[in-house]
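Asker: My questions concern the predicted model and sequence given below.
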Amino acid sequence: MTDQTLSHQPLVLVDTSTLSRDEWLDWRRKGLGGSDAAAVLGISPFRTARDLYYDKLGIVTADDQENWVALEMGNLLEPLVARIFEKKTGLKIYQRKCMFQHPAYPWMLADLDYLVELPDGSTAILEIKTTNYNAKDKWWYNGEEIVPIYYEAQGRHYMAVMGIDRVYFCCLYGNNEEETIIRHIDRDMSYEEELIALEDSFWHDHVLAKTPPPYTEDGDLILESLRRQLGPADKDAPPIAIAPPQFARVKQFLALREKKKHYDAEVTRLENEMARLKALIVADMGTSCKAVYEDGADSYTITFNPTRKVTIPKEMLERLREVHPDIYKEYAIVSISRRFDVKKAKPEAA
């Protein structure tokens, strides 16, 4: 990394104030933005590097529907969350409606939410986030305040493009200003150097070379990526013949499945023993919902509280469909999934 990449003024690629969403997306495809960094690093919980590759090439997949409600909510709440940040920190923020470009790496782009005026006269970046109450725990790890790693990658990409040393994150997870998380990270040159190298490789070795990157992410994310690319299953499609190199994966899958059976048996044994001990403890409690134990050094509370769960048995659902088909059709949700299995064919009789 040269001195030029450590302290510089970014270029302005385009004024975004009058761009339509489609025009803005076209400009984003001219390089890698901050929200792309996590996918390049393989740490995005939302999309794979292959998804990002297809997006940059403008390839339309069979199912390219985004969660437009969440996106729209984020856009609508952004000015409100920015006002909360100003009120809680006392810092002045402002916007520059343009797409920035790194002067040394023209494929590194940045489209910022806000910029922050710091008391010492320097500038920081502000990223606005919204989430739900359950997901707020991702901003802590073992009781320590953190920035989720996929947002950290975004912030460090922005600092690299802008030549700025600090990024603030303001995340709203509730419906009042107290349900807001504010964090900041400062520039880390070793992280930045590795990030630039990996982004450079992704852009030149995959996007420009039109060579799809390999799948390296978790299985569930890869399956979701494939669902978006391939669309629904075709039950009439002919079987696919797998070559020996690909069959190595099948053999590894079968070996792991056999290994898992042994672990499953042990887990079942432990669960059965835990259930037996639980029943004996409940027998000691009788009809009480609470028990306590103290030995001078430690104290324990055991609870066995009643819970109420409303369910509709399968036979009642069938009756509902027969008696009130309109109501059943209005509220019933049909989900489609695919079941994966590997079976060894029986040898044919001579």
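Answerer: Right, received. Where do you want to start? Since the structure is predicted, the reported quantities are computational estimates derived from the model, not experimental observations.

Asker: drop to CA atoms for contacts and neighbour counts, all remaining ones
Answerer: OK.

Asker: surely Y53 meets H206?
Answerer: Yes - with contact defined as C-alpha atoms under 8 Å, Y53 counts as touching H206 (7.3 Å).

Asker: Compare those two and say which is more crowded by neighbours.
Answerer: Y53 (24 against 17; other C-alpha atoms under 10 Å).

Asker: Quick check: which helices or strands does the helix or strand hosting I327 pack against?
Answerer: For I327, the element it lies in under DSSP states H and E is helix 325-331. Applying 3 or more C-alpha pairs under 8 Å, 6 or more residues apart in numbering; DSSP states H and E, we find helix 325-331 packed against helix 314-323.

Asker: what is the mean pLDDT for the helix it packs on?
Answerer: Mean pLDDT, helix 314-323: 86.

Asker: Can you tell me what sits against that helix?
Answerer: Outside helix 314-323, the residues that touch it by C-alpha atoms under 8 Å, 6 or more residues apart in numbering are I327, Y328, K329.

Asker: Tell me which residues of that helix come out buried.
Answerer: With burial defined by 16 or more other C-alpha atoms under 10 Å, the residues of helix 314-323 counted as buried are L320.

Asker: Likewise for stretch 282-294?
Answerer: Result for stretch 282-294 [16+ other C-alpha under 10 Å]: buried residues V282, M285.

Asker: now swap in stretch 82-100 and tell me
Answerer: With the criterion 16+ other C-alpha under 10 Å, stretch 82-100 contains buried residues A82, I84, F85, I93, K97, C98, M99, F100.

Asker: from those residues, which is closest to V334?
Answerer: A82 (39.6 Å; C-alpha to C-alpha).

Asker: ok, the closest one touching I125?
Answerer: No - using C-alpha under 8 Å, A82 makes no contact with I125, being 11.8 Å away.

Asker: farthest pair in the buried residues of stretch 82-100?
Answerer: Among the buried residues of stretch 82-100, I84 and F100 lie farthest apart (C-alpha to C-alpha), at 25.8 Å.

Asker: Tally up the residues packed near E23, please.
Answerer: Count around E23 with other C-alpha under 10 Å applied: 11.

Asker: One more: W27?
Answerer: When neighbours are counted by other C-alpha under 10 Å, W27 comes out with 16.

Asker: Figure out the helix or strand that it lives in.
Answerer: Per DSSP H and E: helix 21-28 holds W27.

Asker: So which bits of that helix are buried?
Answerer: Neighbour counts over helix 21-28 (16+ other C-alpha under 10 Å) mark W24, W27, R28 as buried.

Asker: could you dump those residues to a markdown table with pLDDT and distance to F253?
Answerer: Formatted as a markdown table, the buried residues of helix 21-28 follow (pLDDT from 0 to 100; distance: C-alpha to C-alpha, whole Å):
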| residue | pLDDT | distance to F253 |
| --- | --- | --- |
| W24 | 92 | 43 |
| W27 | 95 | 42 |
| R28 | 94 | 39 |
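
Asker: can you redo those residues as a markdown table with distance to T311?
Answerer: Formatted as a markdown table, the buried residues of helix 21-28 follow (distance: C-alpha to C-alpha, whole Å):
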| residue | distance to T311 |
| --- | --- |
| W24 | 47 |
| W27 | 50 |
| R28 | 47 |
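
Asker: Closest one of those to M274?
Answerer: Nearest member of these to M274, counting by C-alpha to C-alpha, is R28, at 54.7 Å.

Asker: and K87, that's in a strand?
Answerer: No - judged by DSSP: H, G, I helix; E, B strand; the rest coil, K87 forms no part of a strand; its state is helix.

Asker: ok, so what distance separates it from C171?
Answerer: 14 Å (C-alpha to C-alpha, to the nearest Å).
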